[in-house]
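# below are the sequence and a predicted model for it; my questions follow.
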Amino acid sequence: MEVLKSIFALLVFPGFLFTAVGGMAASFLDRKLSARFQWRVGPPWFQPAADILKLLGKETIVPAGSSRPAFLLSPLAGFAATVTVAFIIWKSILAPQASSAGDLIVVLYLLTIPATAVIVGGFASGNPLSSLGASREMKLLLSYELPFLLAVLVPVIKSGSIRLGEIALFQGEQGAFLFSISGVIAFGVAILCQQAKLTLTPFDLPDAETEINAGAFMEYSGPPLALFRLTRAMLLFTMPVFLVALFWGGIGTTVWGLAAGAGKIAVILFLAIVIKNTNPRVRIDQAMRFFWGPVAGFAIAAVILAMLGL
């Protein structure tokens, strides 16, 4: 019975199926609001699901000269990591007392795998433009990861724990970290890093269509491309949930708590969409200077303020 419960939790709720539906809903909201920003109508509500289903029915073409195992396994690795991250985060939200020791470290580690999968897949394809997209993804990952880790360190310092459940419980007793000076700064840094982690404008360098076609995804088709797109959609839903759990008091299990949590997720998602539609794409060198310079500086300041109890 326990094995069946674990399988259900991983594949249905709060794992794959729930996160996939949430990701496609977030993707629809992104596309619809982006269309309204551009005075367009936008797609129907079922368009993200239709795109995924259409790709699943297409043929998978492996380019000549590519590394076949790495090319085909990369999308699966990124997808599996995203499902696991979503499962861990929601488990800590729904049952904070039962959260695993050091689950925050595991989540941070797993969140790097989708980007690493894009890097490996792009280089494995053997296409010069795909390799350029993979190279940009790698540089972007190295740029935002340090300030993101520093921003996450602020809730750890304030709560004294590396368990997501205990961080949420601490905020329930003492108030959300977002309402402190260090928490506001760290949250702002995390929002910017989230934009890069999701490769949304102005940090959509790895797959900039007007520059390098589809970048690292150029040679992908069929189910592997569907996995990559579904992974991106699921991250678009999972990352705001992660930031809510870290900085905004988490999500309650009552009706009001779930409604408030949905509102918090929508606010963070709306911020990401607004940033995406009101900023031009930057160059990779500008992105690296931005994250290693002012963003890292603000993250360090947030850590120092948190250590001072502010």
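Right, received. Where do you want to start? Numbering: from 1, shown residues only.
# alpha carbons only for contacts and neighbour counts from here, please
Will do.
# how about the spatially closest residue to residue 68 that is not a sequence neighbour, what does it touch?
Spatially, and ignoring its direct neighbours in sequence, residue 68 is nearest to residue 62 (6.9 Å; C-alpha to C-alpha, 6 or more residues apart in numbering). Residues in contact with residue 62 (C-alpha atoms under 8 Å, 6 or more residues apart in numbering) are 68, 71, 125, 219, 220.
# list buried residues within these.
71, 125, 219, 220 (16 or more other C-alpha atoms under 10 Å).
# and what about the residue nearest to residue 68, helix, strand or coil?
coil (DSSP: H, G, I helix; E, B strand; the rest coil).
# can you give me the distance of it to residue 221?
Plainly put, residue 62 is 9 Å away from residue 221 if you go by C-alpha to C-alpha, to the nearest Å.
# repeat that for residue 256.
43 Å.
# look at the two and report which has more neighbours.
residue 221 (17 against 11; other C-alpha atoms under 10 Å).
# excluding sequence neighbours, find me the nearest residue to the more buried one.
That would be residue 60: by C-alpha to C-alpha, 6+ apart, it lies 5.4 Å from residue 221.
# hey, where'd the helices end up in the stretch 51-200 of the chain?
68-94, 103-110, 113-124, 128-159, 164-174, 181-197 (DSSP state H, counting those that start in this stretch).
# confidence-wise, which of those is weakest overall?
Among the helices of the stretch 51-200 of the chain, helix 164-174 has the lowest mean pLDDT, at a mean of 88.
# sorry, back to before: closest to residue 109 among the contacts of residue 62?
If you rank the contacts of residue 62 by distance to residue 109 using C-alpha to C-alpha, residue 71 comes first, at 21.8 Å.
# excluding covalently adjacent residues, which one is nearest to that closest one?
Leaving aside its sequence neighbours, residue 71 is closest to residue 121 (4.9 Å, by C-alpha to C-alpha, 6+ apart).
# still on that earlier bit, rebuild the buried ones among the contacts of residue 62 as CSV, extending it with distance to residue 45.
Formatted as CSV, those follow (distance: C-alpha to C-alpha, whole Å):
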residue, distance to residue 45
71, 31
125, 33
219, 28
220, 25
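# I'd like to know which of the residues you listed is nearest to residue 77.
Closest approach to residue 77 among those (C-alpha to C-alpha): residue 71, at 10.8 Å.
# enumerate every residue touching that closest one.
Residue 71 neighbours (C-alpha under 8 Å, 6+ apart): 62, 120, 121, 122, 124, 125.
# quick one, phi psi at the residue nearest to the last one when sequence neighbours are not counted?
Read that as residue 125. Nearest residue to residue 125, sequence neighbours excluded (C-alpha to C-alpha, 6+ apart): residue 66, at 4.7 Å. Phi and psi for residue 66, reported as degrees, to the nearest 10, are phi -90, psi 160.
# surely residue 66 is in contact with residue 122?
No - Residue 66 lies out of contact with residue 122 (C-alpha atoms under 8 Å); the separation is 9.8 Å.
# of the two, which one has the most company?
A direct count of neighbours by other C-alpha under 10 Å for residue 66 and residue 122 places residue 122 higher, at 31 against 17.
# quick check, the more buried one in contact with residue 134.
Yes - assessed by C-alpha under 8 Å, residue 122 is found in contact with residue 134 at 5.0 Å.
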